[in-house]
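Enquirer: need a structure here:
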Amino acid sequence: MGTEIERKFLLNGEGWRAAVQSTACFRQGYLANTAKASVRVRLSEHPGGDLTEAWMSVKSMTPGLVRQEFEYRVPADDAAALLALCEGPLLEKRRHYVVVGEHTFEIDEFLGDNAGLVVAEVELDHPEEAFPQPDWLGQEVTAHTRYYNFRLAAYPYREWTAEERNPG
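Expert: The predicted model follows:
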């Protein structure tokens with residue numbers, strides 16, 4: 001069984017940009033969202049190269065730090081066809097990879113209807129694992145389900161109220 005242990009954070013400023021080691025562009029959509037799981041298809045393109053990768057993922061809807069996740073590579077052409085089957089708008093983002101110590105932060109800079117939202121994620125081996133917290137890492141939003149990608153596809157950031165944009 002696949003397990004994802006991930007923490008999500010908002011960012012303090014732009015200091016992380018100087019440490020970006022690589023960037024990929026993602027388009028993703030959801031084939032299904034149920035009370036128990038979401039089924040996602042994702043196509044990744046790496047700027048400056050012709051490398052394209054694609055995955056299908058099934059993720060449990062368990063809120064919080066630890067969730068079940070099953071991820072499978074699929075041919076890019078299949079992913080493109082599956083994206084056409086997704087209901088609702090596709091989620092688009094630039095993912096920047098920043099290595100700090102032994103951890104890689106994935107910083108998602110959302111585009112389109114979610115433009116203006118930037119979220120950092122770090123995957124861990126166990127829930128209590130210590131990890132570096134650079135000064136650009138802001139408030140933790142792991143427990144706020146509105147920051148989950150499948151929710152952003154259904155209720156984009158541009159529609160959020162000022163209160164929703166402040167997770168306080």
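Enquirer: the longest strand in the protein is where?
Expert: In the chain, taking DSSP state E as the definition, the longest strand is strand 22-33.
Enquirer: got a list of contacts for that strand?
Expert: By C-beta atoms under 8 Å, 6 or more residues apart in numbering, the residues outside strand 22-33 that reach it are 38-47, 82-83, 85-88, 90-97, 149-150, 153-154. All C-beta spots, glycine's among them, are computed from the backbone N, C-alpha and C.
Enquirer: buried residues in it?
Expert: Under the neighbour-count criterion of 16 or more other C-beta atoms under 10 Å, strand 22-33 has A24, F26, R27, Q28, G29, Y30, N33 buried.
Enquirer: also stretch 58-71?
Expert: Buried-residue list, stretch 58-71, by 16+ other C-beta under 10 Å: V58, K59, S60, L65, R67, E69.
Enquirer: how far does it stretch from start to finish?
Expert: Using C-alpha to C-alpha, to the nearest Å, the end-to-end distance of stretch 58-71 comes to 7 Å.
Enquirer: re the thing from before, possible to save the buried residues of strand 22-33 as TSV with distance to F131 and pLDDT?
Expert: Output for the buried residues of strand 22-33, formatted as TSV (distance: C-beta to C-beta, whole Å; pLDDT from 0 to 100):
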residue	distance to F131	pLDDT
A24	22	93
F26	23	95
R27	29	95
Q28	25	96
G29	30	96
Y30	29	95
N33	29	89
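Enquirer: redo the buried residues of stretch 58-71 as CSV? Include pLDDT and distance to T142.
Expert: Converted to CSV, those look like this (pLDDT from 0 to 100; distance: C-beta to C-beta, whole Å):
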residue, pLDDT, distance to T142
V58, 97, 20
K59, 94, 14
S60, 93, 15
L65, 90, 6
R67, 93, 11
E69, 95, 15
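Enquirer: which of the residues you listed sits closest to D125?
Expert: L65 (12.2 Å; C-beta to C-beta).
Enquirer: need the phi and psi values for the closest one.
Expert: Backbone torsions for L65, taken as degrees, to the nearest 10, come to phi -80, psi -40.
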